[in-house]
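A.B. asks: Attaching a predicted model along with its sequence, questions to come.
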Amino acid sequence: MQFKRLFALLMLAMTFTAVGKPAAWYWWASRLDGQRICAQTAPAKGWLRDSGPFADSRCSDVPPRQP
């Protein structure tokens, strides 16, 4: 019984330490025709990251810098 309590307490503590942030958005440019798209990851092979990172899906807000 003591082991179950310790395990539960450990799992609870780990949930408080897990910190995440949203993925950044980037402008991606096609090597084929130069078309641009705003996405978090490359849409397919043949796309190059053009600019970024941005905070929103419109690729307009620059995220604040982390110290």
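C.D. replies: Sure thing, it's come through. Numbering: from 1, shown residues only.

A.B. asks: May I have the longest strand seen in the chain exported as PDB, CA atoms only?
C.D. replies: Longest strand of the chain, by residue count under DSSP state E: strand 47-54. What follows is strand 47-54, C-alpha atoms only, in PDB (Å, rounded to 0.1, in the frame of the first residue of the first chain):
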ATOM      1  CA  TRP A  47       9.400  22.800 -49.300                       C
ATOM      2  CA  LEU A  48      11.900  25.200 -47.700                       C
ATOM      3  CA  ARG A  49      11.400  27.200 -44.500                       C
ATOM      4  CA  ASP A  50      11.200  30.800 -45.700                       C
ATOM      5  CA  SER A  51      10.800  32.900 -42.600                       C
ATOM      6  CA  GLY A  52       9.700  32.700 -39.000                       C
ATOM      7  CA  PRO A  53       9.100  31.800 -36.300                       C
ATOM      8  CA  PHE A  54       5.700  33.300 -35.700                       C
END
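
A.B. asks: could you pull out the helices for this structure?
C.D. replies: Using DSSP state H, the helices of the chain run over residues 2-17.

A.B. asks: Nearest the middle, which residue of it would you pick?
C.D. replies: By C-alpha atoms, centre = their mean, the chain has its centre lying nearest to Ala23, at 1.5 Å.

A.B. asks: So what's the residue count around the closest residue to Pro53 other than its chain neighbours?
C.D. replies: In space, and not counting its chain neighbours, Pro53 is closest to Ala24: 3.3 Å by C-beta to C-beta, 6 or more residues apart in numbering. No exception for glycine: its C-beta is placed from N, CA and C like everyone else's. The burial count assigned to Ala24 is 14, neighbours taken as other C-beta atoms under 10 Å.
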